[in-house]
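S.K.: need a structure here:
(2 chains)
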Number of protein chains: 2
Amino acid sequence: MTVTGELFLGSSRLATADSFLATNPATGATLQPTFSSAGSAEVERACVLAAGAADAFRNSGSEQRAQFLEAIGARILALGDALLERAQAESGLPLARLSGERARTVGQLRLFADELRKGEWSRLRIDPALPDRKPAARADLRLRKMAIGPVAVFGASNFPLAFSVAGGDTAAALAAGCPVIVKGHSSHPGTSELVAQAIAGAASQCGMPEGVFSLLNGNAHALGAALVSNPHIRAVGFTGSRAGGLALLKLANARPEPIPVYAEMSSVNPVLLLPHALAARAEQLGREFVGSLTLGAGQFCTNPGLLLSIAGAALERFIAAAGAAVEQAPPAVMLSSAIHRAYEQGVATLGQQPKVSVVAQAAGPGGTNCGRAALFRSDAATLLGNGAIGREVFGAAAIVVACADEAQLLRVLEGLEGQLTVTLHLDPSDEALAARLLPTLERKAGRLIANAWPTGVEVTHAMVHGGPFPATADGRSTSVGTLAIERFLRPVCYQDFPDGLLPAALRRAATQVGPHRLDGVVHPA
Amino acid sequence: MTVTGELFLGSSRLATADSFLATNPATGATLQPTFSSAGSAEVERACVLAAGAADAFRNSGSEQRAQFLEAIGARILALGDALLERAQAESGLPLARLSGERARTVGQLRLFADELRKGEWSRLRIDPALPDRKPAARADLRLRKMAIGPVAVFGASNFPLAFSVAGGDTAAALAAGCPVIVKGHSSHPGTSELVAQAIAGAASQCGMPEGVFSLLNGNAHALGAALVSNPHIRAVGFTGSRAGGLALLKLANARPEPIPVYAEMSSVNPVLLLPHALAARAEQLGREFVGSLTLGAGQFCTNPGLLLSIAGAALERFIAAAGAAVEQAPPAVMLSSAIHRAYEQGVATLGQQPKVSVVAQAAGPGGTNCGRAALFRSDAATLLGNGAIGREVFGAAAIVVACADEAQLLRVLEGLEGQLTVTLHLDPSDEALAARLLPTLERKAGRLIANAWPTGVEVTHAMVHGGPFPATADGRSTSVGTLAIERFLRPVCYQDFPDGLLPAALRRAATQVGPHRLDGVVHPA
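M.R.: Take a look at the predicted model:
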């Protein structure tokens, strides 16, 4: 497939007069071809197309949409090495990582296809009529969750495949039956276009309604703003910076009709090193931690940026081991010069905070846009008094915070903002302490991890990749795993409807085979 | 039980210097005693108590909370006639209606108790570890939905029992495990206090944590604003006016940490009279419609305020029959002088719109604060050009809008705001037309009704009492029925947790008996 630089407006391609270029972060060189930027006319056109597709797509069969998702996956694989090479050129990420990310992206599409076939996603509920009930008869009530309408998805820079054009939000929204308009990330427009070809091809192959997918590229804030403000858009999925997410949230709330924004924004993913575990294996934990910290140049939403423990000899052993590992960590190309600049600045700012000291920084300099891992240390009193310390520095930077005792550790935990994850390293002898901390931790994060590291997010049914504000804009949801389909659904009840007018899944015959609740009782498939 | 006028701050009672009186809308007379108004200190105290209760209450057992809900119901019944009489004096609603509303309120508490015991509410998902998976092992992942934290509930005036202190939002929030702070409606503070006694007594009887429930009375906007802005509050339930709901939404979005607002605000509940049904029984439909329109002085969220049909002789027969019934409708006391004033003004405003004519108005005058039913008519072109016509007039006022043809009817439907309900009157011969309209209707309302009337909302599993903005602030939810519990939950995933640290419902032994999804497959209880 050729990369043309054109936008996707439904099944049509379009070149505009306004254009931009991508840059290879590893070399600083610009990449060909030029990419068309979408303006307000293209936003409106994509939104009108999506609105036109919404009814038919919402009421398409689960099996049809499952096949559509599988066809997207197959076509992504069929793009072959050209996709990985373009993604590498645009992101600086190693081919092996991108190959794994492609497998995850395709696996995620297949998982949603399977979820559609399992049928639980639409949460069917049936309360049959009770014509003889006194004092009044009960009507026949049938509930399904159905697609909320066209969704705007903002591609993330740090996963050019798995959180971008055909990433988690797109997969969940298409599975739900929502047309998707992707605002492609301007760092990897060629990767976006190749994946968009796969989606557009699959839509055509599977006879999906025109407008079920569009891709708008561009690097102006006005493009995203126009998309979120468009009245046809019914929900927004976003993964990126806190400033970016909050800006979209503000726009969505200012609409005449506000819409949900699922923005994943910022998390330092605290790791608690409990005393017995730390004493037993401080050095091992220190080395493992740096492995997680430096994975993918630290550019993961779940990167461990804050380590908490009780001060003492075991913590010093951990710090020494982690510091040594950080010094050995090879510099790694970051996703863009802007991200690299922000990382360098974040590291400098953190190092300038009073009572924050540098434990170690990886040797430098590396090549163009290479980030060097950095480890800092401080104490709980300093953290509690300085909001700048607990903030995310996107990249391989972390701070170890020593607490005087359990009470101070709990105060630190209570003071935390919402997080994607909290990790506990513990031995059986630490469980009593963990149990005392746990109610606070549950309030703070979407995923709680024991004796592992937060990087690595399994795409499955029980995953939660979400969490209280500001980890995300809406802590009632997840952006990874099959539960993500719920963010793009709303419930509708049909009262006393004749079979012929009911949605297919709710008809009398269909509900004898699919999972549902009958008078509240769970019936499996 | 005596009505003292005091607030409930957890298990403590408090009188404040600032006070107000309730008024009997049927007589205009003030009622004793004086009621204490809560100020910012009381808001803070109630919120701190609720936050203190949140962890223990969230992790209390489903059975414990079920018993708590049942105890509330039993204690409401034990209040006997005193509750109904006070509610009548404060609301002007007939005793028979209030008796039915009490049964609904108690039934709703029992239904949530049953829902807790059924176990599906927490949406357990288990993906067991796959230690031998290649290329990497899978961790053990266990998901539950759990309480979001303290909830502020704003009592509604129109259901002093079922949508007030122990109403649907409170029942759902307590079932979820969320402490509740009720901002009592200032029209029925005595009713609120009596029900609060039932809740506080049940909390004590069942050993619930201190702070699980508080009642704050007062009629200053500042009270509600302070409550919604308090950092301990994690969600808001509201039923009331559009202006009130939007004000709370704005406050919630302006918080440093925004929170969900479930505001039910405004709906005209369109009723479509399809041609064959209308021709077959225009007169019967006209009479039935006025029965629904005038029920409870028209003070239902689901009151049918907009009738849509194709112009013609059958519609004229409907209008004649409905007009005759409206003229005979007895004036009925409205909930307060403010609501009565707003109704009179709404009727006057509607009547003054160009090309809107009065079909009938009930004879008057009635007694103090009595509303007189009013029926108007107009045509689709007028409706499409004048936004004032499709707006809710709270009370027994409705407008019949004649459309020239199906295309114009569809244009009217597309132009509708979000609604709680849409009703279709249809015969089998109308089904083809209904099928063409249905995709639009699904996008517009939370409940679609065939051949009945929208008033009367069953409290059950498959009910949806919600809908797209501005019917509610969040169309992903319902405020009636067991699905309402979801609004007060968020998902949390536990990765590789030892059994001893898992929440009880997710431990290995427990998940062998409760409903859950295992590797995505639904397992009933």
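
S.K.: ok now do A:Gly224, which residues does it touch?
M.R.: When contacts are counted by C-beta atoms under 8 Å, 6 or more residues apart in numbering or on different chains, A:Gly224 touches A:Phe154, A:Lys183, A:Leu248. Where C-beta positions appear, they are placed from N, C-alpha and C, glycine not excepted.

S.K.: Distance of the nearest residue to the first one once chain neighbours are set aside relative to A:Ile399?
M.R.: In space, not counting the residues next to it along the chain, A:Phe154 is nearest to A:Phe238; the distance is 4.2 Å by C-beta to C-beta, 6 or more residues apart in numbering or on different chains. As defined by C-beta to C-beta, to the nearest Å, A:Phe238 lies at a distance of 27 Å from A:Ile399.

S.K.: who's more crowded, the two?
M.R.: A:Phe238 (28 against 25; other C-beta atoms under 10 Å in any protein chain shown).

S.K.: Next, report how far the helix or strand containing that one is displaced from the centre of its chain.
M.R.: Using DSSP states H and E, A:Phe238 sits in strand A:235-239. Here strand A:235-239 is found 9 Å from its chain centre; the criterion is C-alpha atoms, centre = their mean, to the nearest Å.

S.K.: Show me what it pairs with in its sheet, parallel or antiparallel.
M.R.: Here strand A:235-239 has these sheet partners by DSSP bridges: strand A:151-154 (parallel), strand A:261-264 (parallel).

S.K.: Just after the first one, pick out the following helix or strand.
M.R.: Following strand A:151-154 in sequence order, the next helix or strand is helix A:168-176 (DSSP H and E).

S.K.: likewise the last one?
M.R.: Stepping forward along the backbone from strand A:261-264, the first helix or strand reached (DSSP H and E) is strand A:271-273.

S.K.: Helices along the stretch 401-525 of chain A, start to end?
M.R.: When assigned using DSSP state H, counting those that start in this stretch, the helices of the stretch 401-525 of chain A occupy the ranges A:406-415, A:431-444.

S.K.: what comes up buried for the lengthiest helix in chain A?
M.R.: With secondary structure taken from DSSP state H, chain A has its longest helix at helix A:95-118. Within helix A:95-118, the residues that count as buried by 16 or more other C-beta atoms under 10 Å in any protein chain shown are A:97-99, A:101-102, A:104-106, A:108-116, A:118.

S.K.: And stretch A:137-147, by the same measure?
M.R.: A:Ala139, A:Asp140, A:Leu141, A:Arg142, A:Leu143, A:Arg144, A:Lys145, A:Met146, A:Ala147.

S.K.: Write out the residues of the stretch 301-450 of chain A neighbouring chain B.
M.R.: Within the stretch 301-450 of chain A, the positions near chain B by C-beta under 8 Å from any C-beta of the partner chain are A:418, A:428, A:431, A:434-435, A:438-440, A:442-443, A:445-450.

S.K.: Can you select the buried ones from these in ChimeraX?
M.R.: Remark: buried members of these, expressed as a ChimeraX selection using 16+ other C-beta under 10 Å:
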select /A:418,431,434,438,440,442,443,445,446,447,448,449,450
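
S.K.: Domain boundaries for chain A, per the record?
M.R.: A:7-17+A:46-265+A:476-487, A:271-450, A:497-523 (automatic domain parsing).

S.K.: sorry, back to before: next SSE after the longest helix of chain A?
M.R.: Immediately after helix A:95-118, counting by DSSP H and E, sits strand A:125-127.

S.K.: does that following strand come close to chain B?
M.R.: Yes: applying C-beta under 8 Å from any C-beta, one finds that strand A:125-127 is in contact with chain B at A:Arg125, A:Ile126, A:Asp127.

S.K.: Most neighbours among those residues, please name it.
M.R.: Once you tally neighbours by other C-beta under 10 Å, A:Arg125 ends up highest among these, having 27 neighbours.

S.K.: mind checking how far that residue is from A:Ala473?
M.R.: A:Arg125 is 28 Å from A:Ala473, by C-beta to C-beta.

S.K.: Where do the strands of the stretch 401-525 of chain A begin and end?
M.R.: A:419-425, A:445-450, A:489-495, A:516-518, A:521-523 (DSSP state E, counting those that start in this stretch).

S.K.: What mean pLDDT does the third one get?
M.R.: Same thing as strand A:489-495. For strand A:489-495, mean pLDDT is 98.

S.K.: Contacts for it, please.
M.R.: Residues contacting strand A:489-495 (C-beta under 8 Å, 6+ apart): A:121-123, A:139-148, A:176, A:501-503, A:506, B:442, B:445-450, B:452, B:462-464, B:466, B:468, B:475-478, B:483.

S.K.: With B:Thr170 as the reference, measure out to A:Met463.
M.R.: 32 Å.

S.K.: what about these two, which has more around it?
M.R.: B:Thr170 (29 against 26).

S.K.: so the more buried one touches B:Val153, yeah?
M.R.: Yes: with contact defined as C-beta atoms under 8 Å, B:Thr170 counts as touching B:Val153 (5.3 Å).

S.K.: Identify the contacts common to those two.
M.R.: B:Val180, B:Val182, B:Gly237.

S.K.: Distance of the second one relative to A:Asp519?
M.R.: Distance, B:Val182 to A:Asp519, using C-beta to C-beta: 30 Å.
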